[in-house]
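**Q** this one's structure only:
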Ligand SMILES: NC(=O)C1=CN([C@@H]2O[C@H](COP(=O)(O)OP(=O)(O)OC[C@H]3O[C@@H](n4cnc5c(N)ncnc54)[C@H](O)[C@@H]3O)[C@@H](O)[C@H]2O)C=CC1
Ligand SMILES: O=C(O)C(=O)Cc1ccc(O)cc1
């Protein structure tokens, strides 16, 4: 363990401060010092149990299976069907069905079920978790999760919170994918007795606080990297402050925009433009999951909503008083901030590897293109017929998982009679 690695969170929740990012950068640099390291030795987990095999849990299992990780992956779920499916696909290595017996073998447990299920699950498995097993989670809220864990485990096991900033509005094992976390930030949160992230703290105080040793943090950090994510250390409080504004309030706003279509929303929905689609995609997320998230981050959501209301009032006043200058300034500032999203984030969220193939909308055309790809071993992510041709150069949109698949497809199409062009903004 490197005791020089220090990563304290900013007390004022100023998560964007240089101080904080420098500390995280230092930690990252330190952890990546030896590029030739043996990743399995660094991680040092042999039996990873994932509780909840949905979008996130399933994606973690698939990402691990696709990685150099050589240990076992056990899937634990309230859905036997999902476990059977994951097992049949070779994604998990379960050799028995008994939940408690599987837990007994784990040296890392990842809670990947809805956060409202954590308390019941932890109470149920607590006496079966090996003393040296590390516990983590993927929940979208962190302070309340740390409190629940501390309340139930009472210091019996080490816990590090986790939250991948990757996902979608879809749920379930069926939509999970190995590359979900690629280039996405993955927050790690450590609770210490003075509520600061303190990666150098190695002593266990014996209090009810759950304190993870920095060795645990390093192991988990490497695991996140193995998943393709970018680990980022932060305090639970700073995390909740940030995601209330970057993720939870946007979800609420998406739902508000849909509701604001008004009484005739079911009619208007047929005429929406790209802007509405972009701004409301996440409103299609699982209502139960989001009900939990918004309730679990109550104080931060309420504070973010105050800011939203005040901005709404400001805009209303400007429109009412025909303050076009003020309105323009407000919109310009928003535009500049939005355009400032770092390129790597825009790429990881928006980047799609797709080609528009200029074909006639007629029977057999999908089979023809799909067959061509299959014959040449090019994996297709999705395929879609675009019926509205305005602004769109071709009628068949073919999505690929990787840039190299896209490049191969281009070469192939160049040798056929298909005209193609690259993805445009829909
Ligand atoms: N959906 C998203 O985009 C993201 C979600 N998260 C967090 O990940 C967690 C899981 O979310 P998703 O994977 O999206 O949900 P999901 O609905 O796709 O998967 C949840 C899984 O948990 C299982 N489950 C439910 N109760 C259980 C129990 N008592 N014991 C064992 N398994 C149980 C369900 O069968 C289901 O397979 C949530 O805590 C959420 O806050 C984090 C980042 C992104
Ligand atoms: O679909 C999207 O754009 C998301 O932002 C997914 C998401 C949902 C919940 C999280 O806690 C983190 C990420």
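**A** Alright, I've got the coordinates. Keep in mind it's a predicted model, so treat the numbers as computed, not measured. Ligands and ions are numbered 1, 2, ... in the order given.

**Q** and the protein, which of its residues are near ligand 1?
**A** The interface of the chain toward ligand 1, taken as Cβ under 6 Å from any ligand atom, is made up of 51-57, 76-79, 82, 112-115, 117, 121, 138-140, 163-164, 167-168, 171-173, 286, 289, 293. C-beta coordinates here come from the backbone N, C-alpha and C atoms, glycine included.

**Q** Kindly recompute the last result at 5 Å.
**A** Near ligand 1, the residues belonging to the chain are 52, 54-56, 77-79, 113, 115, 117, 138-140, 167, 171-172 when assessed by Cβ under 5 Å from any ligand atom.

**Q** Can you flag the buried ones in these?
**A** Buried positions within these, assessed by neighbour count (16 or more other Cβ atoms under 10 Å), are 52, 54-56, 77, 113, 115, 138-140, 167, 171.

**Q** quick one, helices of the stretch 251-400 of the chain?
**A** When assigned using DSSP state H, counting those that start in this stretch, the helices of the stretch 251-400 of the chain occupy the ranges 265-268, 274-280, 287-296, 298-320, 324-339, 343-350, 365-375.

**Q** ok now the third one, how far from the chain's centre?
**A** Yep, that's helix 287-296 we're talking about. Centroid separation for helix 287-296 versus its chain: 16 Å, with Cα atoms, centre = their mean, to the nearest Å.

**Q** wait, what's in contact with the closest residue to residue 185 other than its chain neighbours?
**A** Spatially, and ignoring its direct neighbours in sequence, residue 185 is nearest to residue 165 (4.4 Å; Cβ to Cβ, 6 or more residues apart in numbering). Taking Cβ atoms under 8 Å, 6 or more residues apart in numbering as the definition of contact, the neighbours of residue 165 are 184-187, 247.

**Q** and those as JSON lines, adding neighbour count?
**A** Listed next are those as JSON lines, based on neighbours: other Cβ atoms under 10 Å:
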{"residue": "184", "neighbour count": "20"}
{"residue": "185", "neighbour count": "18"}
{"residue": "186", "neighbour count": "22"}
{"residue": "187", "neighbour count": "26"}
{"residue": "247", "neighbour count": "17"}
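
**Q** Quick check: pLDDT value at residue 407.
**A** As summarised for this prediction, residue 407 has a pLDDT of 86.

**Q** sec struct for it, please.
**A** Judged by DSSP: H, G, I helix; E, B strand; the rest coil, the three-state class of residue 407 is helix.

**Q** Give me the neighbour count for it.
**A** Close neighbours of residue 407, defined as other Cβ atoms under 10 Å, add up to 13.

**Q** Residue 402 now?
**A** The local packing count at residue 402 equals 14, with neighbours defined by other Cβ under 10 Å.

**Q** and the nearest residue to it once chain neighbours are set aside, what are its bridge partners?
**A** Leaving aside its chain neighbours, residue 402 sits nearest to residue 353 (6.4 Å; criterion: Cβ to Cβ, 6+ apart). With DSSP bridges as the criterion, the beta-bridge partners of residue 353 are residue 400.

**Q** Relative to ligand 2, which of the contacts of residue 165 is nearest.
**A** Proximity of these to ligand 2, judged by Cβ to the nearest ligand atom, is greatest for residue 247, which lies at 5.2 Å.

**Q** list the contacts for that closest one?
**A** By Cβ under 8 Å, 6+ apart, residue 247 lies in contact with 140, 165.

**Q** what bits of the protein have low per-residue confidence?
**A** By pLDDT under 70, the low-scoring segments of the chain are 1-37, 192-212, 347-351, 361, 387-394, 423-426.

**Q** Now do the domain split for it, please.
**A** For the chain, whose domains are defined here by automatic domain parsing, the residue ranges read 18-235, 240-343, 352-422.
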